[in-house]
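S.K.: Let me see the structure of the following:
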Amino acid sequence: MPLKKLALIALCTSMFAFMGCGSGDPIVNFNNSPVVAKSGNKNIKDIERAIMLAGARSGWQMNPVKPGLITATRFSQGHMAKVDISYTTQSYSVTYKDSSNLKYNGQTIDEKYNQWVTRLHKYIRANIAQM
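M.R.: Have a look, this model is predicted:
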């Protein structure tokens with residue numbers, strides 16, 4: 001095989017390998033998601049309970065910090081993700097706090113994180129809707 005052709009193959013192979021390294025998805029946060037419940041009677045304790053149950057159901061360890069704030073942590077196969085969940089009777093937010101082994105670079109993160117946090121948000125929304 002001519003040397004030029006080998007060099008081109010090596011260059012293309014290393015470019016594809018480099019493009020795969022460090023790639024990630026833009027980080028997902030859910031800000032000011034509305035609290036929409038079946039009944040009009042919502043109190044802060046009910047919202048907290050709905051969030052705590054959603055976290056447990058989706059594999060997160062839930063830690064109430066104070067009324068209106070829960071820190072949730074998820075561990076899976078050497079990965080760790082941590083989010084803050086702030087809430088009122090009107091809205092809630094799920095925002096990135098910390099991670100390890102998820103290739104976070106300040107803007108992007110491994111797609112696993114976004115899948116976990118999206119599932120958490122979905123379960124929170126479903127639990128609140130049943131109130």
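S.K.: Work out for me the element residue 119 sits within.
M.R.: Element membership for residue 119 (DSSP states H and E) is helix 111-129.
S.K.: Measure how far that helix is from the centre of its chain, please.
M.R.: With Cα atoms, centre = their mean, to the nearest Å as the basis, helix 111-129 stands 8 Å off its chain's centre.
S.K.: Verify the contact between residue 123 and residue 54 for me.
M.R.: Yes - counting by Cβ atoms under 8 Å, residue 123 touches residue 54, with 3.6 Å between them. All C-beta atoms are positioned from the backbone trio N, CA, C, and that covers glycine.
S.K.: Neighbour count for those two, which is higher?
M.R.: Each of residue 123 and residue 54 has its neighbours counted (other Cβ atoms under 10 Å); residue 54 has more, 24 against 19.
S.K.: Which pLDDT value goes with that one?
M.R.: Confidence at residue 54, expressed as pLDDT, is 98.
S.K.: what secondary structure does it sit in?
M.R.: Assigned with DSSP: H, G, I helix; E, B strand; the rest coil, residue 54 falls in the helix class.
S.K.: List the residues that contact it.
M.R.: 120, 123-124, 126-127 (Cβ atoms under 8 Å, 6 or more residues apart in numbering).
S.K.: go again using 7 Å as the cut-off
M.R.: 120, 123-124, 127 (Cβ atoms under 7 Å, 6 or more residues apart in numbering).
S.K.: Residues contacting stretch 69-77, please?
M.R.: Here stretch 69-77 has contacts from 51-52, 55, 59-65, 80-86, 97, 116, 120, using Cβ under 7 Å, 6+ apart.
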